[in-house]
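S.K.: Here is a sequence with its predicted model. Questions after.
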Amino acid sequence: MKILYVTQYFPPDKGAAQIRAKEMVKSLVKAQHKVAVLTEFPNYPSGIVLSRYRFKLFEKDTYHGAKVTRVFVKSSPKMNFTNRMLYYLSFMISSIVGAMKLKDKYDLVYATSPPLFVGLSGFIISRLKKAKFVFEVRDLWPESAIALGALKNKIVVRLSHRLADFCYQKANKIVAVTRGIRDHLERRGLDGTKLCIIQNGVDLKMFNDSQRNQLSKEKLGYQDKLIVLYAGLLGLAQGIETLVEVAKVLRHEKRVHFLFIGNGPLKRKLLQMQESNRLENIMIMDEMTRKEVIEYMTLANCCLVPLRKAEIFRTALPSKMLEAWACGKPVVLSVDGEAREHLEKAKAGIWVEPEDSKGIANAVKYLHDNPELCQVYGSNGRKYVEKHFSRKVQAERLEKILLEVLSHP
């Protein structure tokens, strides 16, 4: 197959969406398909474009055998509504122009959302290239933005729903990342045969290699401490403020130490909350490479997986939960719905009501007092991921689905 993979987020940017795109692209290339990637200049999540890409409109590159075209995007460290719209719309326009500059022919265009505008650019590009259009839905938009309070204007909400419906209708196939997303789309009236599921997965080999890392609790000064790790985006959806409240509740538990790794729009607020509350049991570290994150995860005793309390997040299945399990670590999950179902099947952690800081603190304290249970939960999680969430299996499923799309007129 000749595939054009359109994604606003791609390495060297860091995050779950980037990891998923990278692994899917690598797997398709390994299976002898010709893959091209159309993406933005790296800037996520800081909003600052890397210096080597500034003052450019396009740049071509290669990545693990895939041709990569990076295009201009209007990013900003301050993501208010206006800047966010400029960010999304600029990539949509730049990606379409960038696609017109590509002389190669493609069998299909694979566009992954959010942002939702990537779906529209993917559809337009598929028409320009006379290719099939496959639309991946990693998160429900605009529903998630509305739930977070980031989208309130009634006219914009209505137009966003129409754009989503347009992309759904025009796609030859829709790939949902969770069962909840698929079911939601079917309830909206979409043909079930048009929908499929390819969940997030993990590269198990990478987590095996992490066991040989050079970090130690002694080197970090954490000997005899229970390390509670949160690694990921410090954004609106995660409810980071709740995690600071958890640290406040446990500030007198001298052996419990919180480690936050990442970047995002709420990082400054997180630092301010730490300072104003004089919390010495928190260390906040900048974003780092995935390998480095896994090394810190190897040291952790348990991992936090939070989301805000909103009905729409019942469809979520956070990849950070799967990665913690791949590393043999128990999780304290404060996400209801599909993620909770997997946690209970795996018997690999403790579920707490979202945004319940006292409940999360009690769960952390319980794991602190029961180290043997931590090991059992971690082992259960690793076995569950091996059985259900291998990245290799998910990539093979994607290849099969794309071949089926091309086999139909």
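M.R.: Cool, the structure landed.
S.K.: Helices of the stretch 51-200 of the chain, start to end?
M.R.: For the stretch 51-200 of the chain, applying DSSP state H, counting those that start in this stretch gives helices covering 81-101, 117-128, 143-147, 154-170, 179-187.
S.K.: Kindly reformat the ones you listed as JSON lines containing mean pLDDT and distance to residue 295.
M.R.: Glycine gets a C-beta too; all of them are placed from N, C-alpha and C. Shown next, in JSON lines, are those (pLDDT from 0 to 100; distance: least, Cβ to Cβ, whole Å):
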{"stretch": "helix 81-101", "mean pLDDT": "94", "distance to residue 295": "32"}
{"stretch": "helix 117-128", "mean pLDDT": "97", "distance to residue 295": "32"}
{"stretch": "helix 143-147", "mean pLDDT": "87", "distance to residue 295": "31"}
{"stretch": "helix 154-170", "mean pLDDT": "94", "distance to residue 295": "39"}
{"stretch": "helix 179-187", "mean pLDDT": "94", "distance to residue 295": "32"}
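S.K.: Pick the most deeply packed of the ones you listed.
M.R.: Greatest average neighbour count among those goes to helix 117-128 (a mean of 23), per mean count of other Cβ atoms under 10 Å.
S.K.: helices or strands next to that one in the packing?
M.R.: Applying 3 or more Cβ pairs under 8 Å, 6 or more residues apart in numbering; DSSP states H and E, one finds that helix 117-128 makes contact with strand 2-6, helix 81-101, strand 108-113, strand 132-137, helix 154-170.
S.K.: Among the helices of the stretch 51-200 of the chain, which comes closest to residue 358?
M.R.: Residue 358 lies closest to helix 143-147 among the helices of the stretch 51-200 of the chain, at 23.3 Å (Cβ to Cβ).
S.K.: And that closest one, what does it pack against?
M.R.: The criterion is 3+ Cβ pairs under 8 Å, 6+ apart, and there are no helices or strands that helix 143-147 contacts.
S.K.: that older thread, Serialize the helices of the stretch 51-200 of the chain to CSV and add fields for distance to residue 305.
M.R.: Formatted as CSV, the helices of the stretch 51-200 of the chain follow (distance: least, Cβ to Cβ, whole Å):
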stretch, distance to residue 305
helix 81-101, 25
helix 117-128, 26
helix 143-147, 17
helix 154-170, 27
helix 179-187, 16
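S.K.: for these, which one sits closest to residue 36?
M.R.: Among the helices of the stretch 51-200 of the chain, helix 81-101 comes nearest to residue 36, with 9.4 Å by Cβ to Cβ.
S.K.: Strands of the stretch 201-350 of the chain, start to end?
M.R.: In the stretch 201-350 of the chain, the strands defined using DSSP state E, counting those that start in this stretch lie at 226-231, 256-261, 282-285, 302-306, 331-334, 349-351.
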